[in-house]
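# Below are the sequence and a predicted model; questions follow.
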Amino acid sequence: MLRKTLVTDPLRTVPDKRIPSSMKPVKLSLILLFLIIAGGCSTLAGKEDTGVVIARRAQVRSSTAVVAADLKEVVRGDVLEVLDSTTVQDTGERWLRVRTRDAEATEGWIEARNVISQEMVDRSKVLSKEDEGVPAQASGQLRASTNIRFSPDRNGNDNILMKLESGARFDIIGWKRVPRPKSLETTESDDAPKSGASDTSSASKRTRERDENKEPEEVNELWFKVRLPSSISPAPAGWVFGKQVELTVPSDIIFYRTGREFVAWQRLDGEEAEHSRSAPKDKDAAKEVRPGSWVILEKSSTGNTNGLDSPDFDRIYVLGYDKDRQEHYTAYRSHDLEGFLPLRIDRNSDTKIFTVRAHSDGQPKEVRFKAYINERGLLKVEALDELPRNVKAK
């Protein structure tokens, strides 16, 4: 009598005499498919198990329905456990089922646009560490709601970290010029929705329609690398499309521009510089900056100022401040040069040393300057290294 054998383990090795050779490829394919599906499910389950709230405040609700009850209010920076997700068919909005990390351990639903994964926050922290120890070079604010990205690239949505509201303020650590994407030659905004998010905003549609009628002005575009305060984002750093940024030049120096733009600035006198330049809570806070002495980096708007290899600045301007007369004066103005960030100031003594980088024969060179108060009480600046000239300047 023949005895039948039931194979219950798909990974069990079975002698060749029990399986016709014609069925081997089929069985092998089924085994591989089983492994791929099992591995994929495991990865998906542990992908976004922790999220961080990015909205100023949001509600954890009993369901995704419009009439759902509010169970718990969460605020920016709160950590949530992500249990599940779904997309509402009528609106296309994505929702997350979450559990709060507090004594109540409230479970409910929250709109996905209010949360980013802990993994994305960690990636932003890695980006921030690249400039650890680099002082803020300038400050800015958003002209409109704009994406913060992991890289200076608008070609797709995969590198979007989050979206910041119009008026959000931040420190600028550096900038980079990149070729303008061919597909976006007439688009002057960066408000594309993140992958999986719903784009039902009529304002976004009007912006795109307006941008489509614009003629392309430049072949390259400017991006700012920014340091974000915890008051507006749990993620500390990212890249912002330059067209959406307005530089917030301190009121103490804004009226001393002489035909060139101020692109970077730092105070020479005291530690208060860092606090006055940090993103304020309201738009009028910059007016409270007390008068003082400044190192300012200027850039001309003539010539090829937007080339990929164009310098960050082309002149150094130092403003002194006379406390008795309560007025500013020009302490130093350099000749034209090809200068590059970062600007650093050593404030460890009464004599301040600041450094920049300048190109000499096409090679970067660090140039140091000494700023001190002379016997008449006036600020003086001396170059401690030879300052290269911009041979292209007329």
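Looks like it arrived, so ask away.

# how about the strands in the stretch 51-200 of the chain?
57-61, 70-75, 79-87, 94-100, 107-111, 115-117, 138-142, 146-149, 160-164, 169-179 (DSSP state E, counting those that start in this stretch).

# could I get those strands as CSV with distance to P234?
Where C-beta positions appear, they are placed from N, C-alpha and C, glycine not excepted. As requested, those are exported to CSV (distance: least, Cβ to Cβ, whole Å):
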stretch, distance to P234
strand 57-61, 13
strand 70-75, 11
strand 79-87, 9
strand 94-100, 15
strand 107-111, 15
strand 115-117, 8
strand 138-142, 18
strand 146-149, 12
strand 160-164, 9
strand 169-179, 14
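
# could I get those strands as CSV with mean pLDDT, mean neighbour count and distance to D309?
Shown next, in CSV, are the strands of the stretch 51-200 of the chain (pLDDT from 0 to 100; neighbours: other Cβ atoms under 10 Å; distance: least, Cβ to Cβ, whole Å):
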stretch, mean pLDDT, mean neighbour count, distance to D309
strand 57-61, 97, 18, 44
strand 70-75, 97, 15, 44
strand 79-87, 96, 15, 43
strand 94-100, 97, 21, 42
strand 107-111, 97, 21, 44
strand 115-117, 96, 21, 35
strand 138-142, 97, 22, 21
strand 146-149, 96, 22, 23
strand 160-164, 95, 22, 28
strand 169-179, 96, 20, 8
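
# closest to Y329 out of those?
Y329 sits nearest to strand 138-142 of all these, at 22.7 Å, using Cβ to Cβ.

# Any chance you could list what contacts the closest one?
164-172, 224, 226, 240, 244-249, 262-265, 277-279, 283 (Cβ atoms under 8 Å, 6 or more residues apart in numbering).

# what's near enough to touch the residue nearest to K125 when sequence neighbours are not counted?
Leaving aside its sequence neighbours, K125 sits nearest to P236 (Cβ to Cβ, 6 or more residues apart in numbering; 5.9 Å). Neighbour list for P236: 124-125, 127-128, 227-228, 230 [criterion: Cβ under 8 Å, 6+ apart].

# one step back: buried ones among the contacts of strand 138-142?
Using 16 or more other Cβ atoms under 10 Å as the burial test, the contacts of strand 138-142 include 164, 168-172, 224, 226, 240, 244-245, 247-249, 262-265, 277-279 as buried.

# Just the residues you listed: which are in strands?
164, 169-172, 224, 226, 240, 245, 247, 262-265 (DSSP state E).

# shaky segments in the stretch 201-350 of the chain?
201-217, 270-288, 303-304 (pLDDT under 70).

# can you give me the helices for it?
Using DSSP state H, counting those that start in this stretch, the helices found in the stretch 201-350 of the chain span residues 202-212, 272-277.

# before we move on, back to that, of the contacts of P236, which is the nearest to I353?
R227 (23.5 Å).

# What's opposite that closest one in the beta bridge?
Beta-bridge partners for R227, by DSSP bridges, are D171, A237.

# So K125 versus G77, what's the distance?
14 Å (Cβ to Cβ, to the nearest Å).

# do Y321 as well
For Y321 relative to G77 (Cβ to Cβ), the value is 38 Å.

# go on, P388?
46 Å.

# Those two: which is more packed in?
P388 (18 against 13; other Cβ atoms under 10 Å).

# thought R61 was touching E73?
No - using Cβ atoms under 8 Å, R61 is not in contact with E73; the gap is 10.6 Å.

# Mind pulling up the pLDDT for D191?
pLDDT, D191: 74.

# check contacts around the spatially most central residue of the chain.
The chain has G238 as the residue nearest its centroid, 1.9 Å off, counting by Cα atoms, centre = their mean. Contacts for G238 were tallied using Cβ under 8 Å, 6+ apart; they are 124, 127, 148-150, 161-162, 225-226, 228.

# Out of the residues you listed, which comes closest to A55?
M162 (9.8 Å).

# Pull up the distance across stretch 81-99, start to finish.
5 Å (Cα to Cα, to the nearest Å).

# likewise stretch 226-235?
Termini of stretch 226-235 sit 11 Å apart (Cα to Cα).

# What are the buried residues along it?
226-228, 232-235.

# Pull the residues that contact it.
Taking Cβ under 8 Å, 6+ apart as the rule, stretch 226-235 contacts 52-54, 76-77, 116, 120-121, 124-125, 128, 131, 136, 140, 148, 161-162, 164-165, 168-173, 236-240, 278-279, 281.

# run the last query once more with 6 Å
By Cβ atoms under 6 Å, 6 or more residues apart in numbering, the surrounding residues in contact with stretch 226-235 are 52, 77, 121, 124, 161, 168, 170-173, 236-237, 240, 279.

# Can you say which two of those residues are spatially most distant?
Across the contacts of stretch 226-235 (Cβ to Cβ), the longest gap, 23.8 Å, separates V52 and I172.

# Hmm, R315 is touching E298, no?
Yes - look at R315 against E298 with Cβ atoms under 6 Å: they come within range, at 4.5 Å.

# higher neighbour count, the two?
When R315 and E298 are compared for neighbours, E298 comes out ahead with 22 against 19, by other Cβ under 10 Å.

# who touches the closest residue to the more buried one other than its chain neighbours in this structure?
In space, and not counting its chain neighbours, E298 is closest to R260: 4.0 Å by Cβ to Cβ, 6+ apart. Neighbouring residues of R260 by Cβ under 6 Å, 6+ apart: 298-300.

# From the residues you listed, pick the one nearest T330.
Using Cβ to Cβ, the contacts of R260 come closest to T330 at E298, 12.3 Å.

# Spell out, range by range, the strands that occur in the stretch 251-394 of the chain.
Using DSSP E, counting those that start in this stretch, strands in the stretch 251-394 of the chain cover 261-267, 294-299, 315-322, 327-333, 339-346, 352-360, 363-373, 379-383.
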